[in-house]
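Peer 1: please work out how this folds:
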Amino acid sequence: MASLTVHPDRLLPTEPGVRGIARRLYAAVRDLPIISPHGHVDPRLLLDDRPFADPAALFIQPDHYVTRLLHSGGVGLDALGVGEGPLPEDRSRAAWRALCGHWHLLRGTPVRYWFDSELAGIFGVTERPDADNADRLYDLIAEQLRQPSHRPRALLRRFGIRFMATTDDPADDLSTHDALRADPDVATTVAPTFRPDRYLEAGRPDWPRLVKDLGGDTGDYAGFIAALEDRRRYFIAHGAVSTDHGHLDAGTEPLERHDAERIYRAALAGQATAAETTAFRRHMTFEMARMACDDGLVMTLHPGVHRNHHPPTGRRYGPDTGHDIPVAVEFTRALQPLLERFGTHPGFHLVLFTVDPDVYSREIAPLAGFYPAVYAGAPWWFLDNPAEIRRFQHAVTETAGFSRLSGFIDDTRAFCSIPARHDMSRRLDAGFLAELVAAHRLDEDEALDTLTTLVADQPQAVFKL
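Peer 2: Coordinates of the predicted model:
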């Protein structure tokens, strides 16, 4: 049996003098409330407040970070219960044994860091998981999950989450959010996020049906625009602060009105070409920025992912099951039409995320360093790991400064990983700022003010909380 080691200085610089500065900085922000303005936790989890079913349902089934690594090592997604609801106990235990028996696959990944933090900090686990102790750890965690102390709302309070955004379909009635806002037992602000991607992709086979779900008269382009504007107002009335957009590219070239109307009619009839529907989607991304200038919603953009790269897995298990793969992406030319029109508009906030790390220094930092509307989104998805976060810190702040950062974004469905992810960010930021202090580029009081701002103030300012 090996001990599960969660070192108090993990991720801090190794040089003793710099580590001492980093310790002081980190200690000042370690326990500050969590602001999570972009994530994917199901709000019904908090409304229903039912005990988590079992360790597999909590740690494995909803987390494609975990399942993709196990799948690459030869564990079938069926064995992990991907795409299913809670499993019978024998299958749940089998999935947990698969995780523990393949623990070595997580070495060196952020998933391992988050797991260690969650297991030790939330469940008091002191043994490193392996094939021999899998059942014992399963029983230890399952027993705690049955206790009131480990139900979702209790953990929400324990984690210190002050604000948490979910991701929601524009046609959603948001009744779950209404109920949460009215519940005095929920002190955390849980806000919806307007995610219109599938309504802008006019080439989808189900797109004519989808636009009807928006309500209103969507028989023509003007009605479609009016319906989207109405749904955005509805979301704002129910607490939304931002919209979220994740298409293949960042194109924002606007169409002439008559061309947009023509393509819309053709798409409703199923007769638009692929080139036309791509042009329409880029036009609609531009329109989302126009609407944001009118209604004040923050616009987040994260293009550059090939969704469902393995079609057989997508057909069998559905989306978000671990085989979305990054592609190279370009921002400077793609966003020029949008930024020419709206980049200096008072109150417009555009947060740019990427899974193409070269884009940070080449494009996002220079854009954020000029346009008042643009902010550099934190390393996201495949880049939310220590190595890429450190690269981001150097790549962006040298060009745009700290004031153009979004603050940390956890972007997760894995509820229990939220505090671990934010803690990782705070440690890495403390280390980076400590290096600047040690190099006499900042005084320690400036570093502390900067770190506190990044944790507590920046995400609230960028997302207009």
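Peer 1: gap between the nearest residue to Leu352 once chain neighbours are set aside and Thr399?
Peer 2: Excluding its sequence neighbours, the residue lying closest to Leu352 (CB to CB, 6 or more residues apart in numbering) is Ile364, at 5.0 Å. For the C-beta atoms, the positions are set from N, CA and C on the backbone; glycine is no exception. Shown here: Ile364 relative to Thr399, a distance of 9 Å by CB to CB, to the nearest Å.
Peer 1: these two: which has the busier surroundings?
Peer 2: Between Ile364 and Thr399, Ile364 has the larger neighbour count (other CB atoms under 10 Å), namely 28 against 19.
Peer 1: the more buried one contacts Pro357, doesn't it?
Peer 2: No - Ile364 is beyond contact range of Pro357, at 10.3 Å (criterion: CB atoms under 8 Å).
Peer 1: can you classify the residue nearest to Leu352 by secondary structure?
Peer 2: helix (DSSP: H, G, I helix; E, B strand; the rest coil).
Peer 1: how about Val351?
Peer 2: Once three-state DSSP is applied, Val351 turns out strand.
Peer 1: quick one: average confidence on stretch 219-233?
Peer 2: Average pLDDT, stretch 219-233: 98.
Peer 1: and that stretch, what's buried?
Peer 2: Across stretch 219-233, burial judged by 16 or more other CB atoms under 10 Å covers 221, 224-225, 227-229, 231-232.
Peer 1: got the CA positions of that stretch in CSV?
Peer 2: Extracted in CSV, the C-alpha atoms of stretch 219-233 (Å, rounded to 0.1, in the frame of the first residue of the first chain):
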residue,chain,number,x,y,z
GLY,A,219,-40.7,31.4,-40.4
ASP,A,220,-38.4,34.1,-41.8
TYR,A,221,-35.0,35.6,-40.9
ALA,A,222,-36.4,38.6,-39.1
GLY,A,223,-38.5,36.4,-36.9
PHE,A,224,-35.5,34.2,-36.1
ILE,A,225,-33.4,37.3,-35.1
ALA,A,226,-36.3,38.5,-32.9
ALA,A,227,-36.7,35.1,-31.3
LEU,A,228,-33.0,35.0,-30.3
GLU,A,229,-33.1,38.5,-29.0
ASP,A,230,-36.2,37.6,-26.9
ARG,A,231,-34.6,34.5,-25.5
ARG,A,232,-31.5,36.5,-24.5
ARG,A,233,-33.7,39.0,-22.6
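Peer 1: what residues does it touch?
Peer 2: Stretch 219-233 is contacted from outside by 170-171, 194, 196, 199, 211, 214-218, 240, 243, 260-261, 264-265, 268, 287, 291, 294-295, 297, using CB atoms under 8 Å, 6 or more residues apart in numbering.
Peer 1: related to what we said a few turns ago, export the buried residues of stretch 219-233 as CSV, with columns for distance to Asp445.
Peer 2: Shown next, in CSV, are those (distance: CB to CB, whole Å):
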residue, distance to Asp445
Tyr221, 56
Phe224, 53
Ile225, 50
Ala227, 52
Leu228, 47
Glu229, 46
Arg231, 46
Arg232, 42
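Peer 1: and those residues, which of them are in strands?
Peer 2: Among these, no member falls in strands (DSSP state E).
Peer 1: centroid residue for this protein?
Peer 2: Asp411 (1.6 Å; CA atoms, centre = their mean).
Peer 1: any idea how far that residue lies from Val298?
Peer 2: In terms of CB to CB, Asp411 sits 15 Å off from Val298.
Peer 1: next one: Leu155
Peer 2: According to CB to CB, Leu155 and Val298 sit 27 Å apart.
Peer 1: could you do Ile34 as well?
Peer 2: 18 Å.
Peer 1: then Leu352?
Peer 2: For Leu352 relative to Val298 (CB to CB), the value is 12 Å.
Peer 1: next one: Thr450
Peer 2: In terms of CB to CB, Thr450 sits 22 Å off from Val298.
Peer 1: avg pLDDT for stretch 78-89?
Peer 2: Mean pLDDT, stretch 78-89: 94.
Peer 1: residues touching it, excluding its own?
Peer 2: Contact with stretch 78-89 is made by 53-54, 56-57, 60-61, 67, 70-71, 77, 91-92, 94-95, 98-99, 316-318, 321-322, as judged by CB under 8 Å, 6+ apart.
Peer 1: now do Met1, the pLDDT please.
Peer 2: We have a pLDDT of 76 for Met1.
Peer 1: once you drop chain neighbours, what's closest to it?
Peer 2: Excluding the flanking residues, the one nearest Met1 by CB to CB, 6+ apart is Glu127, at 5.4 Å.
Peer 1: just the CA trace of stretch 293-308, in PDB.
Peer 2: Provided in PDB are the C-alpha atoms of stretch 293-308 (Å, rounded to 0.1, in the frame of the first residue of the first chain):
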ATOM      1  CA  CYS A 293     -23.700  45.400 -27.300                       C
ATOM      2  CA  ASP A 294     -27.400  46.000 -27.000                       C
ATOM      3  CA  ASP A 295     -28.200  43.800 -24.000                       C
ATOM      4  CA  GLY A 296     -24.900  43.700 -22.100                       C
ATOM      5  CA  LEU A 297     -24.300  39.900 -22.000                       C
ATOM      6  CA  VAL A 298     -20.600  39.000 -21.900                       C
ATOM      7  CA  MET A 299     -19.600  37.000 -25.000                       C
ATOM      8  CA  THR A 300     -17.300  34.100 -24.600                       C
ATOM      9  CA  LEU A 301     -15.800  32.500 -27.700                       C
ATOM     10  CA  HIS A 302     -13.900  29.100 -27.800                       C
ATOM     11  CA  PRO A 303     -13.500  27.900 -31.300                       C
ATOM     12  CA  GLY A 304     -11.200  25.200 -32.700                       C
ATOM     13  CA  VAL A 305     -12.500  21.900 -31.600                       C
ATOM     14  CA  HIS A 306     -13.400  19.000 -33.900                       C
ATOM     15  CA  ARG A 307     -16.400  17.600 -32.200                       C
ATOM     16  CA  ASN A 308     -17.100  13.900 -32.000                       C
END
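Peer 1: quick one: average confidence on it?
Peer 2: 96.
Peer 1: that one: how far from the chain's middle?
Peer 2: Mean-position distance between stretch 293-308 and its chain equals 12 Å (CA atoms, centre = their mean, to the nearest Å).
Peer 1: same thing with stretch 289-306?
Peer 2: 15 Å.
Peer 1: same check, this time on stretch 46-61
Peer 2: Counting by CA atoms, centre = their mean, stretch 46-61 comes out at 19 Å from the chain centroid.
Peer 1: that one spans what distance, first to last residue?
Peer 2: End-to-end span of stretch 46-61 (CA to CA, to the nearest Å): 18 Å.
Peer 1: what's in contact with that stretch?
Peer 2: For stretch 46-61, the external contacting residues (CB under 8 Å, 6+ apart) are 66-67, 80-82, 84, 86-87, 89, 91-93, 95-96, 99, 115, 118, 137-138, 141-142, 145-146, 150-153, 156, 176, 179-180, 183, 186, 188, 190, 414-416.
Peer 1: residues in contact with the residue nearest to Leu352?
Peer 2: Ile364 makes contacts with 331, 352, 354, 374, 376-377, 396, as judged by CB under 8 Å, 6+ apart.
Peer 1: which members of those residues occur in strands, if any?
Peer 2: Among the contacts of Ile364, DSSP E puts 352, 374, 376 in strands.
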